[in-house]
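Student: Here is the input, now give the coordinates:
(4 chains)
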4 protein chains.
Amino acid sequence: MTTTLEKRTASQQAQGQTNMLKGFTVPLTPGGKSALATLPPWHYSSDCLVVEYWADPAAIAALLPPGVAPDQKSGGRAFFWFLDWQFTGSNDELTDPARYQYREAFALVEAIFDGIPINYCPFIFVDNDAAVARGWTQGFPKKLGSVYQTRSFSAPSPAAAPLAKGSRFGASLAAHGERLATARIQLEERIADPATVFNRPTVMRRYFPQLAKAGQHKPPVDELTMSLTDNLAIVDVWVGSAELGMPQAQGEEMHAIAPLRVGRGYRLGMAYSVTDLRILKNYAA
Amino acid sequence: MTTTLEKRTASQQAQGQTNMLKGFTVPLTPGGKSALATLPPWHYSSDCLVVEYWADPAAIAALLPPGVAPDQKSGGRAFFWFLDWQFTGSNDELTDPARYQYREAFALVEAIFDGIPINYCPFIFVDNDAAVARGWTQGFPKKLGSVYQTRSFSAPSPAAAPLAKGSRFGASLAAHGERLATARIQLEERIADPATVFNRPTVMRRYFPQLAKAGQHKPPVDELTMSLTDNLAIVDVWVGSAELGMPQAQGEEMHAIAPLRVGRGYRLGMAYSVTDLRILKNYAA
Amino acid sequence: MTTTLEKRTASQQAQGQTNMLKGFTVPLTPGGKSALATLPPWHYSSDCLVVEYWADPAAIAALLPPGVAPDQKSGGRAFFWFLDWQFTGSNDELTDPARYQYREAFALVEAIFDGIPINYCPFIFVDNDAAVARGWTQGFPKKLGSVYQTRSFSAPSPAAAPLAKGSRFGASLAAHGERLATARIQLEERIADPATVFNRPTVMRRYFPQLAKAGQHKPPVDELTMSLTDNLAIVDVWVGSAELGMPQAQGEEMHAIAPLRVGRGYRLGMAYSVTDLRILKNYAA
Amino acid sequence: MTTTLEKRTASQQAQGQTNMLKGFTVPLTPGGKSALATLPPWHYSSDCLVVEYWADPAAIAALLPPGVAPDQKSGGRAFFWFLDWQFTGSNDELTDPARYQYREAFALVEAIFDGIPINYCPFIFVDNDAAVARGWTQGFPKKLGSVYQTRSFSAPSPAAAPLAKGSRFGASLAAHGERLATARIQLEERIADPATVFNRPTVMRRYFPQLAKAGQHKPPVDELTMSLTDNLAIVDVWVGSAELGMPQAQGEEMHAIAPLRVGRGYRLGMAYSVTDLRILKNYAA
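Tutor: Residues are numbered from 1 along each chain as shown, chains lettered A, B, ... in the order given. Below you'll find the model as predicted:
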């Protein structure tokens, strides 16, 4: 048996050298077409509905990883985002919207890392597996959800929701048949400089565990990361009044940071590319 | 027992008079909120990707209902449409996109009714139950499908697909896990007058059967209808090159009118309101 | 023009006579394969989780159509059902589960018609378009929902939920991302004679409206119907304790008949065939 | 600024020590309820439809990771599985089927590792995010798909598909609206000893990449793993004739191992628990 085994292994070693399995994530294949994600660059453009709100500061603090501190000046300030995304890599993914277009919703809570004001992302939901896979490699703790937002169409109609004073937009997030967030905004005015509002980097916890028994409490990947966005563009920013609800749901904890008070609502376009990731801290080391 | 019965019926008759069950379609309820569709007006705005193509004229003829004739001059000309729709009625449905936003794909085949060139709709798919219900009342033979089209976003990016020369858009339709149509277009130029292309009324067969045995071959509703669109707006029309595939699928017949030849591709915005329906012919009478 | 038209119409009339468009529901096609529903017989087998409960009798009364009276003896008794269905017609639909298997949830409220105790169905949800189409022809006011119930598997495991004392089952219904019903039951004992519990015929309102303006308040189809079930089999009936919640949801009215008190829970298998429908009353006449 | 920063960091360090973020996978939260996966044990029970087939041995060889050799005696033998799974952990997940019940389809190809006949899993699809997350930690390269199989119901009907000679079962897998696999089997006889068929351990490649630029070609997790199944039970095994198709799909490579020849079909129940994972090889070291 040993002889046979060695022959097989030798044959395999030879073959292994020619096996060029491709893919940035699983599944790895000879052609690299099956992989959920290919190597960056990843290009994104979106429409966004965003609601500023304030949550219980203690609930926010309880979600922060080591080394990330509550932002005392924020008093629990957070933003809830709904996004309709279009993605493309280098293979015309743009024209395969069934696989690559997706919708997303997430919470960003204001915090401090290394003295710098940041946004930390404790919860995020998408409706697409490629988006889950890319997100996990960045540190976004993505789960599946169904996400909707009112869109703005160019053909005039009571159904068109133009970018104009008085237009109303709604948005919602559900997971596994439970409503997790519902928002409505009404546009008041266009704002010239979005940087006054959206100016903190986004920080996440990149985490992948070990299932083998001896390692179940020692994740091989446990890093604090910062999203790097090339060619960031924020356009057509409107601001207005807002409502936001985050009802309690069985099997979820996001309602711990439900709004105690709601601020302004925003509607904007955003685009950027991803080619890299900054690792702020390696908890696994 | 008879006495009791009569009393109950009497009581019920009284109550029946006060029972104001509301809803344009089922389910009828006291408040009218559960109904899939409320009374018109129904307002719609959409983005559309459209591919002109030619199918087997005999296959088209075989789909036409009595009184609708093949358009001999068309030589099998048809259009395949993909639409991202936003709907609103009179109750701010616009801000509940999870319930009322939807996607649609359909074939229109050129035909003649009463000497007038029309488009007849033999196949149509949507991803929303309210859209199925409203469509059935108009005569659109809607089934469920999953529909996607590349969108045009305002934030500049390789993922943005702007309305500009060279931009590429894809679209697809699947039902129950089978791909029914795949399209790609590449924009070449904006056209000023869409009426040269999109100028035929849409005709459908409104049909609802009887399940009671004696009536299984005598549908109570069997009408030839024409869609009436108030305040029709067609905007931002671009034309370009196109590809279209309609693969054979188990349990479907739409591939009978698959493209033999593909024409031009269009990308446009469209809006209208529905308040009425024209009945061209009553087959059930 | 007239000459051409007449020729066309004549040609079409000839062709119309040979055009054998098939399908019990739309879409009608030459081969009859596209139709959502073909002519009966329709055969069904299911696993069911059922919860007995009591709702506000006034809320039940408000949902009943003319001629159907509240059952004074019931005191608001109702049943909420969750079903995993397998459907087949005469074309081996059984082996195309992606198109024909489906899940369903509905409320039945106790009422009286013509002196006879019946169950009336005011709300019902399914996750499949063929099931919507067949249901509408019977009078079930079906909408789309996502429905789940714990299943019983034969391979032994803490995950198997065997039909045995102490086994726990859960079920849920959501529509458009809002939870409409959640149930849990725990089995106590097998019962020999289900007819003591499930013995009332099911009555529905078959309804299809007219969109043409003059007829918007005169539906062409408005009948009170009774479901006819051939070869009804109810097997493996277990009874136990139950919980049931029907939370308030935006854009729905089913919570009007939410439980005030919950009774027993049932888990059973059920099968029947449908070939006919009884029309109890024609409201449209 | 430095002073402030140090204070914040100190405060955070203190707080970090009390922050007990829980979850086996992301998202990590104070209560551990949001995590896609909690720590094992994970318990599973399923119904399975399995088709034995032979693919191009070169295509199989091209999918094997280093150290895994083609099984020359197999001649390209593979199995395609469809599974309806019920999952439970230690928190009654069993009664939340909307979150935890799921469907799965995968290919297993026969191969050799270290002289031992194994099954290697190059492609696998599920319809649930918790299943994706648990699977990735084991090494299953899961993507999202929609999976269906004919079920066997106890209430007798032409729709019931009993476990009996002559019963027909179908199954299908689609991803993003493209059909990836379709199978049909017809039962012939019950077999007593499934170990003659299903007796190889399952081997996978556990893989999680690095997005930070310097590490994009050095995945932190790249292991060859073997699934460990406690309390494995295989019950009610039936065998019969089979059909299997794996059509070519855009953006997928699974059709590279499409059937050249189809063997027998199986229908069975299977259960096991997962508490551990064997790491066969660490490619990342």
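Student: helix/strand/coil for residue A:99?
Tutor: Under the three-state scheme (DSSP: H, G, I helix; E, B strand; the rest coil), residue A:99 adopts helix.
Student: residues near it, how many?
Tutor: Applying other C-beta atoms under 10 Å in any protein chain shown, we find 22 residues neighbouring residue A:99. Every residue, glycine included, has its C-beta placed from N, CA and C.
Student: For it, give me its contacts.
Tutor: A:93, A:128, A:130, D:176, D:251 (C-beta atoms under 8 Å, 6 or more residues apart in numbering or on different chains).
Student: Am I right that the first one is in contact with residue A:100?
Tutor: So the one you mean is residue A:93. Yes: counting by C-beta atoms under 8 Å, residue A:93 touches residue A:100, with 4.3 Å between them.
Student: Overlap in contacts, these two.
Tutor: In contact with both residue A:93 and residue A:100: residue A:87, using C-beta under 8 Å, 6+ apart.
Student: all helices for chain A, in order.
Tutor: A:2-18, A:57-61, A:97-100, A:129-138 (DSSP state H).
Student: that older thread, near chain B, from the contacts of residue A:99?
Tutor: With C-beta under 8 Å from any C-beta of the partner chain as the criterion, the contacts of residue A:99 include residue D:176 near chain B.
Student: For the contacts of residue A:99, work out which two are farthest apart.
Tutor: A:128 and D:251 (12.9 Å; C-beta to C-beta).
Student: In chain A, what helix or strand scores lowest on average pLDDT?
Tutor: Least confident helix or strand of chain A, by mean pLDDT, DSSP states H and E, is helix A:2-18 with a mean of 37.
Student: and the stretch 1-150 of chain A, which of its residues are near chain C?
Tutor: Close to chain C, as judged by C-beta under 8 Å from any C-beta, the stretch 1-150 of chain A has residues A:146, A:148.
Student: Let's see that with 10 Å instead.
Tutor: A:145-148 (C-beta under 10 Å from any C-beta of the partner chain).
Student: just to revisit the earlier point, of all the contacts of residue A:99, which comes closest to chain C?
Tutor: residue D:176 (14.3 Å; C-beta to the nearest C-beta).
Student: so that closest one makes contact with residue A:93?
Tutor: No: counting by C-beta atoms under 10 Å, residue D:176 stays clear of residue A:93, with 11.6 Å between them.
Student: more crowded one of those two?
Tutor: Between residue D:176 and residue A:93, residue D:176 has the larger neighbour count (other C-beta under 10 Å), namely 27 against 23.
Student: which ones are touching that one?
Tutor: A:96-100, A:128-130, B:146, B:148, B:172, B:174, B:177, B:179, D:143-146, D:249-252 (C-beta atoms under 10 Å, 6 or more residues apart in numbering or on different chains).
Student: Among these, name the buried ones.
Tutor: A:96-100, A:128-130, B:146, B:148, B:172, B:174, B:177, B:179, D:143-146, D:249, D:251-252 (16 or more other C-beta atoms under 10 Å in any protein chain shown).
Student: low-confidence ranges in the stretch 151-285 of chain A?
Tutor: Judged by pLDDT under 70, the stretch 151-285 of chain A has no weakly predicted residues.
Student: Remind me what the lengthiest strand in chain A packs against, helices and strands.
Tutor: Secondary structure of chain A per DSSP state E: the longest strand is strand A:230-245. The helices and strands touching strand A:230-245, judged by 3 or more C-beta pairs under 10 Å, 6 or more residues apart in numbering or on different chains; DSSP states H and E, are strand A:42-54, strand A:77-88, strand A:168-175, strand A:178-190, strand A:261-274.
Student: for chain B, what are the nearby residues on the stretch 151-285 of chain A?
Tutor: A:151-163, A:167-174, A:179, A:182-186, A:231-236, A:243, A:268-273.
Student: and residue A:45, how many residues sit next to it?
Tutor: 29.
Student: Let me know whether residue A:116 touches residue A:200 as I believe.
Tutor: Yes: counting by C-beta under 10 Å, residue A:116 does reach residue A:200; the two are 8.3 Å apart.
Student: In this structure residue A:285 contacts residue A:219, no?
Tutor: No: taking C-beta under 10 Å as the definition, residue A:285 is not a contact partner of residue A:219, at 11.5 Å.
Student: Looking at these two, which one has more neighbours?
Tutor: The neighbour comparison of residue A:285 against residue A:219 (other C-beta under 10 Å) goes to residue A:219, with 20 against 6.
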